[in-house]
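> The sequence and its predicted three-dimensional model are supplied below.
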Number of protein chains: 2
Amino acid sequence: MTPTTRLKARRNARPEQVYQKLRSLIVRGQLAPGQRIVETDVAARLGVSRTPVRGALQRLGQEGYIVESPRLRQSRPTVAPMTREDARELFHIVAEVEGLAARFAAAMPTAARAALTKELTRINEEFRRASRPRDHDHDRVWELDELFHRRYVEAAAGPRLIALHDVVKPQAERYERLYVSLLHADLAVSATEHAAIARAIRSGDVDAAQASVQRNWRNAAERLGAVIETVGERGAW
Amino acid sequence: MTPTTRLKARRNARPEQVYQKLRSLIVRGQLAPGQRIVETDVAARLGVSRTPVRGALQRLGQEGYIVESPRLRQSRPTVAPMTREDARELFHIVAEVEGLAARFAAAMPTAARAALTKELTRINEEFRRASRPRDHDHDRVWELDELFHRRYVEAAAGPRLIALHDVVKPQAERYERLYVSLLHADLAVSATEHAAIARAIRSGDVDAAQASVQRNWRNAAERLGAVIETVGERGAW
DNA sequence: CCGGGTTGATTTGTATACAAAACGGTCCTG
DNA sequence: CAGGACCGTTTTGTATACAAATCAACCCGG
């Protein structure tokens, strides 16, 4: 489920668990934007000392989930606010990261490309089906979209790009989850864009593959920007 | 000089200093790829306890400077090896990050673009001059190249993209510094590519701006790959 | 009644002690 | 002589005590 293993109580297990737990809480909105984070509280609630919590918080800070000071006064760590500008920048970055992965995917050997695109098409069909207005299971729709993109990233990207993806993508998820219920009108468009991505990868056209992914995310940025504009930002005021 | 302030002994000063110091040592090669890092040694040498060192090391680990296990046996933190594949991936990522920044730069108002490109041109002229075969000051050449790219990133990118750039770029520096002496034949090409970037930003053509930056870095990746091929990799065997 | 400084409580930063894990070498056995 | 298990040493992981910094409330003077 989570991208990192939790199998045996191995070396860096504790901070990793804390990290995963907190990140999940932030991404899903249980820890609201602007909310204060206190080391001792987290430590107490998770039943560990401050030391592993510290590691996790530092990591979350570097990745942008936790921010020092959303405004003057309160220069203590708080959950990062969600703003229109931030969403825009973030989605453009995801567009580049996944775009590059698609480029690498389109450069794979023919056989690998065929196998990959076959699966991508299958996932996208399910995505199209799940996004029909009558069965509006938001979680499932999001999951399939996430899966679609993750597939070609993991298939083609190297360790560095995958690591970058793992860091950047969940932050986009934060926005997607919050506003997905307001975006379902655009899901059909998204499915069409996915089909274009699969086609470009299959054909081995690196530029087209990259461009089609970027188009998908930049469009998403536009749509999301409009929604945030009407609904309002969170944690920044 | 360094991107982070060190003015007054403020809150997170100690781990930041340790981070900067170690990163600098790694980037400049004093800490060689594959070399073991021991917390207590670092702490003793810098005159602090293990706690701040720990924070710095975690950060360096996440950013890819320090790696858990270059090979089986020795699953302890070591300086990340430098390989042909890694360089390739890294430079492609830089291409995307700076390419996106250039895209944003090309979308700025006309007046800002004019001011920016004027300075870019000035820097590039100096770069061209410094890269003439007779005065082969490698440090200065590298510095000017770095400055050129940093200018448009800082001028146009938002906080997230700048943060990403600060993390990714110094890792490319690691390769550039090691092999720059072998690349000076290509500096003229680089200067020409820089000119194309400035032109595209000035004209406000976002796609052209992004594409020209990507071309610059992808070409650099090719050139560097060839050099590594002949000289050999470091820290991986 | 409002503003500014002071003080007490909260929270983070650092050091250190202790526990657990991993490495490397050695000794024993086949 | 080779292979493997054991054990001491090194190194990291965790908890905790203490120091420093920051915040919030209060008090006092204007």
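Thanks, I have it.
> need the contact list for the nearest residue to residue A:178 once chain neighbours are set aside.
Closest residue in space to residue A:178, ignoring its immediate chain neighbours: residue A:29 at 6.3 Å, by CB to CB, 6 or more residues apart in numbering or on different chains. Every C-beta, even on glycine, is put in place using the N, C-alpha and C of the backbone. When contacts are counted by CB atoms under 8 Å, 6 or more residues apart in numbering or on different chains, residue A:29 touches A:174, A:177-178.
> Confirm residue A:29 sits in a helix?
No - applying DSSP: H, G, I helix; E, B strand; the rest coil, one finds residue A:29 to be coil, outside a helix.
> Quick check: it vs residue B:97, distance?
28 Å (CB to CB, to the nearest Å).
> mind listing the strands for chain A?
Secondary structure of chain A (DSSP state E): strands at A:66-67, A:78-79.
> what comes up buried for stretch A:151-161?
A:151-153, A:155-158, A:160-161 (16 or more other CB atoms under 10 Å in any protein chain shown).
> wait, does stretch A:93-108 contact chain B?
Yes - using CB under 8 Å from any CB of the partner chain, stretch A:93-108 reaches chain B at A:93, A:96-97, A:99-100.
> which outside residues touch stretch A:121-133?
A:137, A:140-141, A:144-145, A:147-148, A:151, A:184, A:187-188, A:190-191, A:194-195, A:198.
> Give me the buried subset of those.
Buried by 16+ other CB under 10 Å: A:141, A:144-145, A:148, A:151, A:187, A:190-191, A:194-195, A:198, out of the contacts of stretch A:121-133.
> closest to DNA strand C among these?
Among these, residue A:151 lies closest to DNA strand C (CB to the nearest atom of the strand), at 32.1 Å.
> Measure how buried the closest residue to residue A:149 other than its chain neighbours is and give me the count.
Among residues not flanking residue A:149 along the chain, residue A:98 sits closest, at 5.7 Å (CB to CB, 6+ apart). When neighbours are defined as other CB atoms under 10 Å in any protein chain shown, residue A:98 has 27 of them.
> which residues touch residue A:98?
A:149, A:152-153, A:165, A:169, A:213, A:217.
> Closest one of the buried ones among the contacts of stretch A:121-133 to residue B:34?
Residue B:34 lies nearest to residue A:151 out of those, by CB to CB, at 33.6 Å.
> my read: the closest one touches residue A:120, true?
Yes - with contacts counted by CB atoms under 8 Å, residue A:151 reaches residue A:120, the gap being 6.0 Å.
> returning to what we had before: now list the buried members of the contacts of residue A:29.
Judged by 16+ other CB under 10 Å, buried ones among these: A:174, A:178.
> Taking helix B:206-231 as reference, get the angle to the top helix by length along chain A.
Scanning chain A for the longest helix, with DSSP state H as the assignment, gives helix A:206-231. For helix A:206-231 against helix B:206-231, the angle by axes from the mean of the first three to the mean of the last three CA atoms, to 10 degrees is 130 degrees.
> And the residue of chain A found nearest DNA strand C, how far from residue A:67?
Nearest residue of chain A to DNA strand C: residue A:39, at 3.5 Å (CB to the nearest atom of the strand). Noted for residue A:39: a distance of 16 Å to residue A:67, by CB to CB.
> so what pLDDT did residue A:16 get?
Note for residue A:16: predicted pLDDT of 93.
> How about the one 5 residues further on?
The predicted local confidence for residue A:21 comes out at a pLDDT of 95.
> Repeat that for residue A:155.
For residue A:155, the model assigns a pLDDT of 97.
> got it, and residue A:133?
With respect to pLDDT, residue A:133 has a value of 77.
> what about it, neighbour count?
Other residues within reach of residue A:133, judged by other CB under 10 Å, total 9.
> for residue A:134, same thing?
Neighbourhood size, residue A:134 [other CB under 10 Å]: 4.
> Kindly provide the distance from it to DNA strand D.
48 Å (CB to the nearest atom of the strand, to the nearest Å).
> got the phi/psi numbers for that residue?
phi -70, psi -40 (degrees, to the nearest 10).
> Please give me every residue in contact with it.
Applying CB under 8 Å, 6+ apart to residue A:134 gives no contacts.
> now swap in residue A:193 and tell me
Residues in contact with residue A:193 (CB under 8 Å, 6+ apart) are A:212, A:215-216, A:219.
> Quick one: which of those residues is the most crowded by neighbours?
Greatest neighbour count in the contacts of residue A:193, by other CB under 10 Å, goes to residue A:216: 25 neighbours.
> any idea of the pLDDT on that one?
For residue A:216, the model assigns a pLDDT of 95.
> what do you get for residue A:53?
97.
> number of nearby residues for it?
By the criterion of other CB under 10 Å, residue A:53 has 25 neighbours.
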